[in-house]
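**Student:** Generate coordinates for the sequence data below:
(one chain, ligands or ions: 1)
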Amino acid sequence: MLARVVLGLFLLATVAHAQPSPDEGDVPPETMPSPPAPLAVRLPIRFRVARDAAGDLVRDKRWLVAQTERASTLFAPAGITFVIASVEPLDAADLETRDDRHGLARHLERGVINAFVVRAMRDVDDPTQWRRGVHWRLPWRRERHFVIVTEIAPPITLAHELGHFFGNPKHRWVPGNVMSYEAGDAPTFDPDQLHRIVAHARRYLRSGELVTHERLGELTARGELPRRWDGVEPP
Ligand SMILES: [Zn+2]
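**Tutor:** As a prediction, this is how the structure comes out:
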């Protein structure tokens, strides 16, 4: 009997540990807003993909298309479609430290979502763990941010990291949510998350951090893009 009580307490403690307290993004069902009006924009992603020892990209165009299409499907209720602007090779293959991630900043370009695909990325808080993706901000220039996915990323990872990129910093501990770790087969964003995505997309388009895919074509034709961001070199 005592053993069962002890085991029960142990299980409770384990569950309590595995279920973090609700974050500021959690919204009770009765106050969940209705979905936002969709934007109807196409946003460009510039991929930079690491090369393996043989010189081939660690993930091919088909893999990138699958990640991008999955993201477009999940962002459809926000009216955002992602388009691959280009795929460029990247020299760094493995990211071990924070500085390794910071080092990618020198590639950051205006107008596009900067996405990096590497072979492996170590968790900087728990070095025994390997990450599948991350949304990363530069500590010395907080408004500059980008996403990294690794070659072990399942098809939803880019969408999840873009969820962070578009104003949802926290995870949602609800199975079936894009921002949970149990996204399942058909994950969705909650309406409040979609509102943040739409608001951030508008803000990025207004500030010029992002341009639409159509505008990217015009600016590229005029020679105004591509252009790197200033001030992103590690200090
Ligand atoms: Zn996350």
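**Student:** alpha carbons only for contacts and neighbour counts from here, please
**Tutor:** OK.
**Student:** Identify the residues contacting whichever strand or helix holds residue 146?
**Tutor:** Using DSSP states H and E, residue 146 falls within strand 141-150. Outside strand 141-150, the residues that touch it by Cα atoms under 8 Å, 6 or more residues apart in numbering are 108, 113-121, 131-138, 157-158, 161-162, 165, 231-232.
**Student:** Out of these, which sit inside strands?
**Tutor:** If you go by DSSP state E, those have 113-118, 120-121, 133-138 in strands.
**Student:** Please produce a PyMOL select command covering the buried subset of the contacts of strand 141-150.
**Tutor:** To isolate the buried members of the contacts of strand 141-150 in PyMOL, using 16 or more other Cα atoms under 10 Å:
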select buried, resi 108+113+114+115+116+117+118+119+120+121+131+132+133+134+135+136+137+138+157+158+161+162+165+232
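**Student:** how close does the residue nearest to the spatial centre of the chain sit to residue 216?
**Tutor:** With distances taken as Cα atoms, centre = their mean, residue 161 lies nearest the centre of the chain, 1.6 Å away. Distance, residue 161 to residue 216, using Cα to Cα, to the nearest Å: 22 Å.
**Student:** Same question for residue 142.
**Tutor:** Residue 142 is 24 Å from residue 216, by Cα to Cα.
**Student:** These two: which is more packed in?
**Tutor:** Using other Cα atoms under 10 Å as the criterion, residue 142 and residue 216 rank with residue 216 on top: 21 against 10.
**Student:** Quote the end-to-end distance of stretch 180-193.
**Tutor:** So stretch 180-193: terminal residues 12 Å apart, Cα to Cα.
**Student:** now it: mean pLDDT?
**Tutor:** The pLDDT scores in stretch 180-193 average 92.
**Student:** Kindly report the same for stretch 92-106.
**Tutor:** 94.
**Student:** And it, how far out from the chain middle?
**Tutor:** Here stretch 92-106 is found 16 Å from its chain centre; the criterion is Cα atoms, centre = their mean, to the nearest Å.
**Student:** next SSE after the least confident helix or strand in the chain by mean pLDDT?
**Tutor:** The weakest-scoring helix or strand in the chain, judged by mean pLDDT, DSSP states H and E, is helix 2-18 (a mean of 42). Next in sequence after helix 2-18, counting helices and strands by DSSP H and E, comes strand 41-50.
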